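[1] what shape does this take:
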Amino acid sequence: MAIALTYQNWSENSVAFPYSDETKGARSVLEWAYQTYSEEELVYASSFGAEAIVLLDLIHQVKPAAQIVFLDTGLHFLETYEVIDKIEARFPTLRIERKQPQLSLEEQAADYGSALWKRNPSQCCQIRKVIPLQETLTAKKAWITGLRREQSPTRASTEFVNKDEKFENIKICPLIHWTWDDVWTYIKEKDLPYNSLHDQQYPSIGCFPCTQPVAADGDTRAGRWVGTSKTECGLHDR
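    Numbering: from 1, shown residues only. Prediction:
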C-alpha cells in the first residue's frame with residue numbers, strides 16, 4: 001500500500017488522474033483511494049441522491065465491502081429511506097451505517113426550540129449533519145463525496161483530491177467532471193434504484209423541511225433552503 005496522502009502531509013498536485021475514459025476518471029480515482037487507504041481509514045459519506053447511486057455502484061465494483069455512512073438527521077423524506085433499503089438489497093456487501101446525531105429531535109426542540117430549521121437552518125445542520133460527520137472523520141484519513149463541478153459556483157473549482165480544511169482530512173471527489181445527464185445515463189443503463197423524488201422535480205434531496213421541487217430548467221440545487229442565502233449544509237464549507 002502506498003504512503004497515504006493525509007491532511008498533515010498534504011502536497012498540492014501530488015496525484016493526478018486522466019479523465020478521458022468512460023467514467024471521466026471516477027473509477028481511477030476510486031481505485032487509487034482504496035489502494036492508498038485501508039478500509040478503516042476511508043469512508044464514503046453518502047446522501048443517497050442521484051450522484052450517490054452512481055458512486056455506490058462504482059465503489060462496489062472497486063471495494064465490495066467499502067464503508068459507507070449516511071447522516072440520518074431524522075428529517076429525511078420517506079423516499080430516501082426507501083432507496084437506502086433498495087441499495088442495501090442490491091449491494092449487500094457494502095457496510096452502510098446510518099449515523100444519527102447525539103440529540104434526538106425531541107431533545108433538540110427542548111434545548112433550542114421547536115422547528116430550529118425554520119429559524120436557524122445552519123445551526124440545525126451543524127447539530128444533525130456537521131457534528132456527526134466530524135465524529136465519523138475523526139478516525140479517518142480520507143472521505144469520499146459526490147460533488148460535481150457543474151452543481152454550483154461554490155463547487156466549480158473542486159478537484160479529484162482536496163485538502164479539507166473543514167474536517168482536517170482528505171476529501172476525494174470522483175465525479176467532478178460528470179454532468180447531470182451523465183449521472184442519469186449511467187443510472188438508466190445500469191438499471192440502478194434511485195430516489196423516486198427525482199421524478200418529481202427534486203434534483204437535490206436533503207431534509208424534507210428544507211427541500212422543495214424546482215422548475216424543469218432550474219438550478220439543480222435551487223430547491224435547497226429556498227428563500228435564504230444558504231446554499232450548503234456545512235459539510236463542504238471552506
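[2] which residue ranges of the chain form helices?
    26-36, 50-62, 78-90, 105-112, 116-119, 121-125, 131-137, 180-190 (DSSP state H).
[3] deepest of these, which one?
    The highest mean neighbour count among the helices of the chain, using mean count of other CB atoms under 10 Å, belongs to helix 50-62: a mean of 22. Glycine gets a C-beta too; all of them are placed from N, C-alpha and C.
[4] of the helices of the chain, which approaches Ile205 most closely?
    helix 78-90 (6.3 Å; CB to CB).
[5] chain center to that closest one: distance?
    Centroid displacement of helix 78-90 relative to its chain, using CA atoms, centre = their mean, to the nearest Å, is 16 Å.
[6] do stretch 107-115 as well
    On CA atoms, centre = their mean, the centre of stretch 107-115 falls 26 Å from the chain's centre.
[7] quick one: mean pLDDT for it?
    Across stretch 107-115, pLDDT averages out at 95.
[8] and Ile170, what pLDDT?
    Listed pLDDT for Ile170 reads 96.
[9] ok, it touching Leu5?
    Yes. Between Ile170 and Leu5 there is a contact under CB atoms under 8 Å: 5.9 Å.
[10] quick one: which of these two has more around it?
    The residue with more neighbours, out of Ile170 and Leu5, is Ile170; 27 against 21, by other CB atoms under 10 Å.
[11] need the overlap of contacts for Ile170 and Leu5.
    The contact sets of Ile170 and Leu5 overlap at 142, 161 (CB atoms under 8 Å, 6 or more residues apart in numbering).
[12] now the helices of the chain in TSV, with distance to Asn9?
    Formatted as TSV, the helices of the chain follow (distance: least, CB to CB, whole Å):
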stretch	distance to Asn9
helix 26-36	12
helix 50-62	24
helix 78-90	34
helix 105-112	38
helix 116-119	39
helix 121-125	30
helix 131-137	17
helix 180-190	33
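[13] and these: which comes nearest Asp164?
    Asp164 lies closest to helix 131-137 among these, at 8.5 Å (CB to CB).
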